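Asks: quick one, what's the 3D model for this:
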Amino acid sequence: MNAKAINFPALGVLVVILLAAAIFSATGTLELLKSLDKSAIGLVAFVAMMLLIVLGVPIGFAMLATAVAGFFIVGRSNFAETQLSITFIEQGTSFVFVAVPLYFMMGQIVQRTNIAADLYECVYRWLGRLPGGLAISSVVACGGFGAVSGGSVTAVATMAPMCIPAMRRYNYDDSLATGSVSAAGTLGILIPPSIIMIGYGILTETSIGALFIAGIIPGILMTIGYSTTIAVKCIINPELGPIGEKYSMGEKVRSLTKVTPVFLTFIVVIGGIYTGVFTPTEAAGVGVLALLIISIVMKRLNMTNFKESLLKSMHTSAMIFVIIIGGHMMGKFVVLTGLTTGVVDWITAAEFSPLMVMLMISLLFIVLGMVLDVWGMLILTIPFTMPIILDLGYSPVWFGVYAVIMAELALITPPVGINVYVMAKMAPDVPLTKIFKGVAPFFIFTLFLVLVITLFPEIVLWLPRTAGMGVF
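Replies: Numbers count the residues shown, from 1 in each chain. Reported below is the predicted structural model:
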């Protein structure tokens, strides 16, 4: 859950919490905390939560422990228990959350049945002759993989074993090769369906369907921008990315036949959401069923990889569930203590312009992205930033896309940069510094895109508005 966390068993978390409670009770610290102003209690709790994360406690458990302790301090004796049970029941019975394991399952099927390899081969045959064509093919293939998986780390782990050897055969610069795949993997959480968007929608009660549709145009722009970045670098210095093998038109057309079923699956899933035929959860079920049928017809699905896909989806979904529960509890707690109201009042009193506020929030995301993973960064910031965004008149759907793009930066920002570390495992002979150097141009373009959608929010909101999704 936290990229820098050590292996911290659940029993260890419980021991730490019980020990802290015993110390507080014995020393009278608990009574002192209860005498504080609620805002001060909220601030102390936030610091305590960050300390737990630094100690290696998984972020979901850190937020849960902090929120429960905070509710116990500011409320009655059974207040914490009531809030915890209500949150578990609300989220555990949420129809929307069913979509999480289903979208994970879609990604696992694509990964384990070699459909991703077909996707890369198809894109490579069409784009390989461009300057830096193999790297561009990697970007587009990662975007395509993201369109049916919703994950970022999985995209890098799946595409790197195919993309890196291909680029090395043509003597691509290691920094360009590893950097392009690491950065392109981030497209998986922006191009719908996106697991991160589902989490954001659950936390903020924003329409997940609207978030999915809103992510399409920025996702396309980012894919084009990353590809253009590669092309420009290779035009300036052709030795960075030589052109690939030439294929006949017949070979190119034949390569489309293997990926057409997956492409149609994406069209059905997203098109169904756009037209209102499916809810995002129903669309996830349709997507899993379609990919299962495709895999069986192509004779690529067996009981072994089916079982592995199920288990991996279950484990990852359980982790996300704990994080969402912790985030909801922490969100309720900071609202109760008045921390969010205090931040909004301070922003209002300071009379900052909306652009200045967005600049401050962007800097906050970048700094947190250096030490936290994607989920940790979003869960910690949403309770504080969402009231500010609404007060400034921004759409929660627009902010969801903005937050996901900023979360993408966390995936390639040192020293955490999960995608970079995954790439380092895929290409162990490439120094970590060289991979981070390779992602730098894509980091810069992503910041540019953030500026563009901030100045022109209609880029994000136009498509869901045309679908009549009630986006303001």
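Asks: where does the chain have low pLDDT?
Replies: With pLDDT under 70 as the threshold, the chain has low-confidence stretches at 1-37, 75-77, 470-472.
Asks: mind naming the longest helix for it?
Replies: Looking only at the chain and at elements set by DSSP state H, the helix with the highest residue count is helix 303-337.
Asks: return the list of helices and strands in contact with that one.
Replies: Counting contacts by 3 or more Cβ pairs under 8 Å, 6 or more residues apart in numbering; DSSP states H and E, helix 303-337 is packed against helix 38-54, helix 59-74, helix 79-92, helix 99-112, helix 195-204, helix 374-392. Every residue, glycine included, has its C-beta placed from N, CA and C.
Asks: that helix vs helix 59-74, what angle?
Replies: Calculated by axes from the mean of the first three to the mean of the last three Cα atoms, to 10 degrees, helix 303-337 forms an angle of 30 degrees with helix 59-74.
Asks: quick one, domains of the protein?
Replies: Structurally, the chain divides into domains by automatic domain parsing as follows: 1-93, 96-314.
Asks: save those domains as a markdown table, and put in mean neighbour count and distance to T381 too.
Replies: Below are the domains of the chain laid out as a markdown table (neighbours: other Cβ atoms under 10 Å; distance: least, Cβ to Cβ, whole Å):
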| stretch | mean neighbour count | distance to T381 |
| --- | --- | --- |
| domain 1-93 | 16 | 12 |
| domain 96-314 | 21 | 11 |
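Asks: rebuild the ones you listed as a markdown table, extending it with distance to L378.
Replies: As requested, the domains of the chain are exported to a markdown table (distance: least, Cβ to Cβ, whole Å):
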| stretch | distance to L378 |
| --- | --- |
| domain 1-93 | 10 |
| domain 96-314 | 6 |
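Asks: the residue lying closest to F104 once chain neighbours are set aside: what's it in contact with?
Replies: Closest residue to F104 in three dimensions, ignoring its sequence neighbours and counting by Cβ to Cβ, 6 or more residues apart in numbering: S313, at 4.0 Å. Contacts were defined as Cβ atoms under 8 Å, 6 or more residues apart in numbering; by that measure S313 touches P101, F104, M105, Q108.
Asks: the second one is in contact with H315, isn't it?
Replies: Which is F104. No: the pair F104 and H315 does not pass the contact test of Cβ atoms under 8 Å, sitting 9.3 Å apart.
Asks: next, format the helices and strands packed on helix 303-337 as a markdown table and append distance to K437.
Replies: Output for the helices and strands packed on helix 303-337, formatted as a markdown table (distance: least, Cβ to Cβ, whole Å):
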| stretch | distance to K437 |
| --- | --- |
| helix 38-54 | 28 |
| helix 59-74 | 29 |
| helix 79-92 | 41 |
| helix 99-112 | 28 |
| helix 195-204 | 26 |
| helix 374-392 | 22 |
